[in-house]
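K.L.:
sequence first, predicted coordinates after that:
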Amino acid sequence: MNLTDYRRTARAWLVANTPSDDRPQGDPTARAKEFMAKLYDAGYSGITWPRQWGGQGLTQAEERAFAAEATHFTLPLYVFSIGLGMTGPTLVDRGTDEQRARFVRPLLRGEEIWCQLFSEPGAGSDVAALQTRAVRDGGGWIVSGQKVWTSVAQYADWGLLLARTDVDVPKHKGLTMFVVDMRHPGVTVRPLRDMSGRANFNEIFFDDVPIPDEHRVGEVNDGWSVAVTTLLHERLSISAGVGMGGQKDNPASVAALREVLDTSDPLVRDELVELHIRSRALALFNQRLAQETNAGVFPGARGSAAKLLLAELYLFQADLATRLAGPASVVGGHPLGHALSLAPGMALGGGTNEIMRNIIGDRVLNLPPEPRVDKTVPFKDLKVGTQT
Amino acid sequence: MNLTDYRRTARAWLVANTPSDDRPQGDPTARAKEFMAKLYDAGYSGITWPRQWGGQGLTQAEERAFAAEATHFTLPLYVFSIGLGMTGPTLVDRGTDEQRARFVRPLLRGEEIWCQLFSEPGAGSDVAALQTRAVRDGGGWIVSGQKVWTSVAQYADWGLLLARTDVDVPKHKGLTMFVVDMRHPGVTVRPLRDMSGRANFNEIFFDDVPIPDEHRVGEVNDGWSVAVTTLLHERLSISAGVGMGGQKDNPASVAALREVLDTSDPLVRDELVELHIRSRALALFNQRLAQETNAGVFPGARGSAAKLLLAELYLFQADLATRLAGPASVVGGHPLGHALSLAPGMALGGGTNEIMRNIIGDRVLNLPPEPRVDKTVPFKDLKVGTQT
Amino acid sequence: MKLVLSQEQRELRAAVRAFLGAASPLPKVREGYDPEVYARLSGELGLSGLIVAEEYGGAGAGFAELAVVLEETGAALLPGPFLATTFAAIALAEVPDKELLTAIAEGRIAATLAQPSIDLIADEVAGESATVTGTLAQVLSGMEADVLVSPALTGDGVIMVAVELAGEGVTRTALETLDLTRGQARVELAGARARVLGPRTEGGVGDRLAVALAAEQLGVMRAALDAIVAYAKVRVTFGRYIGSYQGVKHKLADMHCKLEQAESIVRYAAWAADESPGELPEAAALAQAYVGRACFEVARDHLLLHGGIGYTWEHDAHLFYKRAKTDEVLLGPPRVHRARLAESLGL
Amino acid sequence: MKLVLSQEQRELRAAVRAFLGAASPLPKVREGYDPEVYARLSGELGLSGLIVAEEYGGAGAGFAELAVVLEETGAALLPGPFLATTFAAIALAEVPDKELLTAIAEGRIAATLAQPSIDLIADEVAGESATVTGTLAQVLSGMEADVLVSPALTGDGVIMVAVELAGEGVTRTALETLDLTRGQARVELAGARARVLGPRTEGGVGDRLAVALAAEQLGVMRAALDAIVAYAKVRVTFGRYIGSYQGVKHKLADMHCKLEQAESIVRYAAWAADESPGELPEAAALAQAYVGRACFEVARDHLLLHGGIGYTWEHDAHLFYKRAKTDEVLLGPPRVHRARLAESLGL
């Protein structure tokens, strides 16, 4: 099938099968699983993944064609986003054949939901400083510790878990990756509310949870290299989305603000011009990166610039909009007040602005690295987390 | 004499003796020396310095009273500023009695002009990385090397010179302070033009210049502690002046700009409001620091905040003013174009903005220091300067 | 001009700080307004009457002292009607009828002040009494205050009135507020009984409100900066305290510079309110224009520098961020202060 | 919309960069305009005729190619009338008389364009000839250009005229310029002979000038960023390369972000000039509003991050700083671009 036909067929399928936007009755996860099964059966799940493990074995071209059509629909895929974007690709890249055979197809068909368990309260930007322990127990492992910032954990059947297996070596060298059963009674999932009041994340507590050695991904103490694979996929899936969602539903966009503000005031007008300039500058940069990607030039670390700029734009525009709108914006659940509460999220998730600036400096501009004090010290002697 | 009388007498003396502002004929240095001698003979030079070495032995109160009166006059003291503000106080604090007896009175009477020789092309912010060598030669020393950023060196009789006397110890531990004869034929003074085209600074080359051991200030290899004394006096004399000069003669001040711009444009007006806000914020901070000092609370490292803010204000206002004034400001020797050329000076002299932020972070906020790689390595093994 | 605190003012600060540290720490702030704390603040510390003239039962102190107190209530994110009552007291000082002022000074009532726009209409004005109708969209501490002070329109011009908020003809609706530590309410008056306080007086009331609010904002920003500086000394990443990275250190230095300037401006504006009425309009507009902005920027950066933990509901960082934004727009969109500053400079 | 360069455009860039690197390195730039370099640029590289239609002797290329070239001349701080001649060619493309355009394309003359305000009066207009009087306060490359293209007022409205700058009735005075790498002149015309080019046409000339200038500014900022990034890799302080300090690294990262956005905008604006006239007014105003500011900020920070050496006359940093500021105000105070942007957005 040529690409035009592929795209036309995909559109027709989406029109026929996407659930309507009306607020549905019943369990949203059950509906999502039902849709995912249809998507899989139609051949639109795992388009570029190997056929052997349940994918379609097609190219980026088909994937992009489907994605382009899908932007016109709201697909109920949220609970699968971690599995499809991060843990699944990691298993395809680094899992054993047994693991691929066991996990990939149910993931692509939406039968099993996945979460990712890397971050900890003491290990945010510095993931490799994590303290969750996995100790040998006969042929398997026993895990204890705490994870945080975990999306969709409340629905998850399986988690991709990074844990410390050796404290006598430097921090990157004593980690191992596992698949953990999120339904085990030793796993406790607690919702974590963010500053806007929403509970989009969870804290996870592991209390002597057993893991069979067959669920180890990669070699013992080689977990960091597996995690790097996962984080690469994470960054790809974030930067693919960065700035593409557009400003359509953003109450702090120029388009929305001009409807509610007095633009006969030259100062108000000039502030909107400034917002327009910044928004357009970033949107055009994102379009340029996308055109480069389509031309086969992968943006790499330059995507961090787009992420940093988006984080700054969110902060700038919610702040500006509330200043312009004045007192009404901070009461009655005003959308601009809500935007202000959400604004820091982009600057704190997926790497802080400081981390982004380090990446740009180190990997785009090739500046000399900072001296590192944490690469050679055995983990047990290293300062980590919060120390009072 | 009580303070009111002291002040009244000082005012009368200044009225009677300050040279008129008319552009004078003849050698300006000769005129400055003549004035300085009169100032000394009237008892207004070295007001707080010990009587024993030629000062007046009075208190800060008299010094401040005289300074307050002197702000109404333009005293021709520029060529003595380094001697009075930095090298003189260093000799009083750290010199031998022989050195004090030899150098202090001629300095206070304006008979001898001083400069300060610390900075080098490879040692700016990091003064202790300097490479000028002083090696033992019989009972004395021989100096070779290059200094830079030296004010009034073209007029100077003496220089306070920091040189390296041991390369086998860490950089701070192998320095020694000397008094060097600037009239020696081995000393070459070359004017150094800044980006505005003025030559306010010099480069100095030392080519096997001998220094007798009696002109060593402090112990051998203890020069850094002497330099700290000098730098403390430098910072005091800068921060005393910071922001006090006011915006009177500044072509980029709100007062000057409102005369030449179209303030009926609301956007122009709002930019001037912004400039007013920043100028007033800093002016009030400076006044508060001055009031604290008068009340006996010494600002210490907080003065670095005032210096940083002044540097940023200069940059901001010259940039803003040229944007508002438009094309005319960049031709014909326009004062705003000139202001733009001078604006970076405050951010680069007396410690860059980055150094100021380090000082504020380390000494005002007591934040943890950066790991230092240069405190323990022998100087000869240390990376310094520019390395291609 | 006096920009440094006197010994007495430093003692006042220490007393208020110690009281709030014990009576209203941040975990308690999350529970909202505690009338008991307000009663003790008025009673034990006498703060509700701080700027009320002695002849009306107050301490007769000036804005320099008020600023010291509001800085501390701001730093503590104190919930409840203390700022609102201060606003009302500032307005009441300008009307002939002083009875309410005495009630405030004695801690008998908490009050609040309507925004400067005139949304109420007074009918049946007869001597000290009138009936008032209209809707106030946002009243600071409207659920907690006992009395509303407001301008109202009559056939004869604008008068100042006071309305008992628990009385008949008054409907109060608590608003959902971004600021989780201090409420606002919508207040509808339908022929509510009002006390006539006298003709409306301008007399720099708006300027004094601006100065009072700036003092609170100074406290909010100081506490936010203190919190993140403290965290930067204990939080480790990549084996080093985060405060040792220039990426963090330099930002904290810039925040410190803003704080130094904000404090200087607040002291100046408070001095002008007390001693130099001619300078007050410019000083007050400057205070809101600079301090309001600086406070939000510092609160925002303090939140961001906390990293992920600062984005959580459980952490206090967002309480400062939200208070700072709410304060920034409390007296109207910030451009009104800049416009008043332009006007006072004759631009 | 096309935001990435084609293979041909990349080759053009490489050719211009190689030529300027050899023929006009920075030490030579300090010596000022070299007519020889301009002649080779026009001749060997054919750049003076780049955007001139083929029927008039040019290469018939678009703004996408012009932007590539101007980015390189900007990065090299090329002295002389190349930008001025490009400005003139943009205006000449819109008048009926094409003879000058051909002369430019063939490298026979360098030209310049008067600012949009109409400062000249044309008398004795007869067919292709007129006499012109008036004063132009600032003419870009006015000493180096051979011909001035300008609007002039007649009794019948505004016409476009061309004046030989070396001719009679023309007095040129070189201005002292902040930008040490490119001159301006005051030009007084007293009954100078002029050639009438046709009626004045608007036709987006101002927008195209804005795009051309933005391309030069992109080059200036790119070269400035490259220079300081290179220095940050070799300059040591406190035993470490300065580029390893976050205080420097994070600032360079922010400058890189500005460069990425500026390039995206320049590509977009050049595409709009070539392909989408409806988008051009907004794109051109955006280009000046964003790129002009970003260029100066990057040039300023590149100078500051050099430390003391960057403040010296001998160092090149100030050449970029001064060119960036001069470019920022070349088409008027920057607020005019923001105002045009507001207008094009219908705000």
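P.N.:
Perfect, thanks for sending it. Numbers count the residues shown, from 1 in each chain, chains lettered A, B, ... in the order given.

K.L.:
every contact and neighbour count from this point should use C-alpha atoms.
P.N.:
Fine.

K.L.:
ok, the residue nearest to A:Gln146 when sequence neighbours are not counted - contacts?
P.N.:
For A:Gln146, the nearest residue in space outside its immediate sequence neighbours is A:Phe205; the separation is 4.6 Å by C-alpha to C-alpha, 6 or more residues apart in numbering or on different chains. Residues counted as contacts of A:Phe205 (C-alpha atoms under 8 Å, 6 or more residues apart in numbering or on different chains) are A:Ser144, A:Gly145, A:Gln146, A:Lys147, A:Gly186, A:Val187, A:Thr188, A:Val189.

K.L.:
mind exporting the C-alpha coordinates of the host helix or strand of the first one to PDB?
P.N.:
In other words, A:Ser144. Under the assignment given by DSSP states H and E, the secondary-structure element containing A:Ser144 is strand A:140-147. The C-alpha trace of strand A:140-147 is given here as PDB (Å, rounded to 0.1, in the frame of the first residue of the first chain):
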ATOM      1  CA  GLY A 140      15.400 -14.400  42.700                       C
ATOM      2  CA  TRP A 141      15.300 -10.900  44.300                       C
ATOM      3  CA  ILE A 142      13.600  -9.000  47.000                       C
ATOM      4  CA  VAL A 143      12.900  -5.300  46.600                       C
ATOM      5  CA  SER A 144      12.300  -2.600  49.200                       C
ATOM      6  CA  GLY A 145      12.100   1.100  48.800                       C
ATOM      7  CA  GLN A 146      10.100   4.100  47.500                       C
ATOM      8  CA  LYS A 147       9.500   5.500  44.100                       C
END
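
K.L.:
strand partners (parallel or antiparallel) of that strand?
P.N.:
Under the criterion DSSP bridges, strand A:140-147 sits next to strand A:133-137 (antiparallel), strand A:201-211 (antiparallel) in its sheet.

K.L.:
what mean pLDDT does whatever helix or strand comes next after the longest one get?
P.N.:
Okay, so that is strand A:201-211. Sequence order places strand A:216-217 as the next helix or strand after strand A:201-211, per DSSP H and E. When pLDDT is averaged over strand A:216-217, the result is 98.

K.L.:
list the strands paired with strand A:216-217, with their directions.
P.N.:
strand A:175-181 (antiparallel).

K.L.:
off-centre distance for the following helix or strand past the partner strand?
P.N.:
The C-terminal neighbour of strand A:175-181 among helices and strands, as given by DSSP H and E, is strand A:187-192. Taking the mean C-alpha point of strand A:187-192 and that of its whole chain, the gap between them comes to 19 Å (C-alpha atoms, centre = their mean, to the nearest Å).

K.L.:
angle of strand A:187-192 against strand A:175-181?
P.N.:
Here strand A:187-192 points in a direction 90 degrees away from that of strand A:175-181 (axes from the mean of the first three to the mean of the last three C-alpha atoms, to 10 degrees).

K.L.:
using the three-state scheme, assign C:Leu218.
P.N.:
Local secondary structure at C:Leu218 is given as helix here, using DSSP: H, G, I helix; E, B strand; the rest coil.

K.L.:
per-residue confidence at the residue nearest to it when sequence neighbours are not counted?
P.N.:
Distances taken as C-alpha to C-alpha, 6+ apart place C:Glu71 nearest to C:Leu218, at 5.8 Å, with adjacent residues excluded. Residue-level confidence at C:Glu71 comes out at 98, pLDDT.

K.L.:
using the three-state scheme, assign C:Glu71.
P.N.:
Assigned state for C:Glu71: helix (three-state reduction, three-state DSSP).

K.L.:
count of residues packed around residue 183?
P.N.:
Using chain A here. A:Arg183 is surrounded by 15 other residues when neighbours are defined as other C-alpha atoms under 10 Å in any protein chain shown.

K.L.:
wait, I meant chain C there
P.N.:
24.

K.L.:
how is chain C carved up into domains?
P.N.:
For chain C, the domain assignment from automatic domain parsing gives the residue ranges C:7-105, C:111-199, C:205-344.

K.L.:
most tightly surrounded among these?
P.N.:
Each of the domains of chain C was scored by mean neighbour count; the highest is domain C:205-344, a mean of 24, by mean count of other C-alpha atoms under 10 Å in any protein chain shown.

K.L.:
for the record, mean pLDDT for that one?
P.N.:
Mean pLDDT, taken over the full extent of domain C:205-344, equals 97.

K.L.:
same question, stretch A:228-245
P.N.:
Mean predicted confidence for stretch A:228-245 is 66.

K.L.:
within range of chain B, give me the residues from the stretch 201-350 of chain A.
P.N.:
Residues of the stretch 201-350 of chain A that fall close to chain B, judged by C-alpha under 8 Å from any C-alpha of the partner chain: A:Pro266, A:Leu267, A:Asp270.

K.L.:
scan those and report the most crowded one.
P.N.:
Comparing these by number of neighbours (other C-alpha under 10 Å), A:Asp270 comes first, having 19 neighbours.

K.L.:
kindly calculate the angle that the helix or strand hosting that one makes with helix B:266-294.
P.N.:
According to DSSP H and E, A:Asp270 maps onto helix A:266-294. For helix A:266-294 against helix B:266-294, the angle by the same axes, to 10 degrees is 100 degrees.

K.L.:
next one: helix A:266-294 to chain centre, how far?
P.N.:
In terms of C-alpha atoms, centre = their mean, the gap separating the centre of helix A:266-294 from the centre of its chain is 24 Å.

K.L.:
next SSE after it?
P.N.:
Sequence-wise, the next helix or strand downstream of helix A:266-294 (DSSP H and E) is helix A:303-325.

K.L.:
how about that next one, does it reach chain C?
P.N.:
Yes. Looking at helix A:303-325 against chain C by C-alpha under 8 Å from any C-alpha, the contacts come from A:Thr322, A:Arg323, A:Leu324, A:Ala325.

K.L.:
quick one: distance of that helix to the chain centre.
P.N.:
Using C-alpha atoms, centre = their mean, we find the averaged C-alpha position of helix A:303-325 to lie 19 Å away from the chain's own average C-alpha position.

K.L.:
got the angle for that helix vs helix A:266-294?
P.N.:
Angle between the axes of helix A:303-325 and helix A:266-294 is 160 degrees (criterion: the same axes, to 10 degrees).

K.L.:
quick check, the next helix or strand after helix A:303-325 touching chain C?
P.N.:
Counting by DSSP H and E, the next helix or strand C-terminal to helix A:303-325 is helix A:335-342. Yes. Helix A:335-342 lies in contact with chain C when judged by C-alpha under 8 Å from any C-alpha; the contacting residues are A:Gly337, A:His338, A:Ser341.

K.L.:
returning to what we had before: turn the strands paired with strand A:140-147 into JSON lines, columns for mean pLDDT.
P.N.:
Formatted as JSON lines, the strands paired with strand A:140-147 follow (pLDDT from 0 to 100):
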{"stretch": "strand A:133-137", "mean pLDDT": "97"}
{"stretch": "strand A:201-211", "mean pLDDT": "97"}
